[in-house]
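Chemist: output the structure for:
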Amino acid sequence: MAALTYFVALAFLQSDAGDLLIGEPVECRNPAAAVRRAEVLSRQPHVIGAIALACNGDPNIGEYSDAIVLRKSDAIVLRKYGNVPNDLSSL
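Modeler: You can find the predicted model right below:
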C-alpha cells in the first residue's frame, strides 16, 4: 500500500525558565483542518506559537514520520503561527 498522509497541529510553549516546550500533537482530518487548528492553538494562553504539518506513513508496516522529530524529509510545514523555531530538526 502507498504511504498515507496525515495532518497534525502542534503548539509551542515556553517554560518559566524560558525553555521551549512542545505541546501534544493534534491529528486533523485534512490540511485545512490542521491549519485552522494550529491557528486556534496559537491563540491559547501560554502558547507562543503553533504549526500545521503534513506527515507520511505506511500503516501496513507501521512506519510513520514523527511529527515531533522533524528530521525526516517527508514532514511538510503547512503553516506557522507566532513564535515557532526556524530549525525544527533540533526538537
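Chemist: going by C-alpha atoms from here, please, whenever you check contacts or count neighbours.
Modeler: Will do.
Chemist: hey, which helix or strand in the chain has the poorest pLDDT?
Modeler: strand 63-64 (a mean of 49; mean pLDDT, DSSP states H and E).
Chemist: isn't Phe12 right up against Gln44?
Modeler: No - between Phe12 and Gln44 there is no contact under Cα atoms under 8 Å: 10.4 Å.
Chemist: of these two, which one has the most company?
Modeler: Neighbour totals were compared for Phe12 and Gln44, and Phe12 leads with 22 against 13 (other Cα atoms under 10 Å).
Chemist: from Thr5, how far out is the more buried one?
Modeler: 23 Å (Cα to Cα, to the nearest Å).
Chemist: kindly report the same for Ala33.
Modeler: 14 Å.
Chemist: and for Leu4, the neighbour number?
Modeler: So Leu4, with other Cα under 10 Å, has 12 neighbours.
Chemist: how confident was the prediction at it?
Modeler: Listed pLDDT for Leu4 reads 82.
Chemist: ok, it touching Gly57?
Modeler: Yes - Leu4 lies in contact with Gly57 (Cα under 8 Å); the separation is 5.2 Å.
Chemist: so the closest residue in space to Ala75 that isn't next to it in sequence bridges to which residues?
Modeler: Once flanking residues are discounted, Ala75 sits nearest to Cys55: 4.5 Å by Cα to Cα, 6 or more residues apart in numbering. Beta-bridge pairing for Cys55 (DSSP bridges): Tyr6.
Chemist: count the residues that sit near Cys55.
Modeler: 21.
Chemist: looks to me like Ala52 is in a helix.
Modeler: No - Ala52 is assigned strand when assessed by DSSP: H, G, I helix; E, B strand; the rest coil, not a helix.
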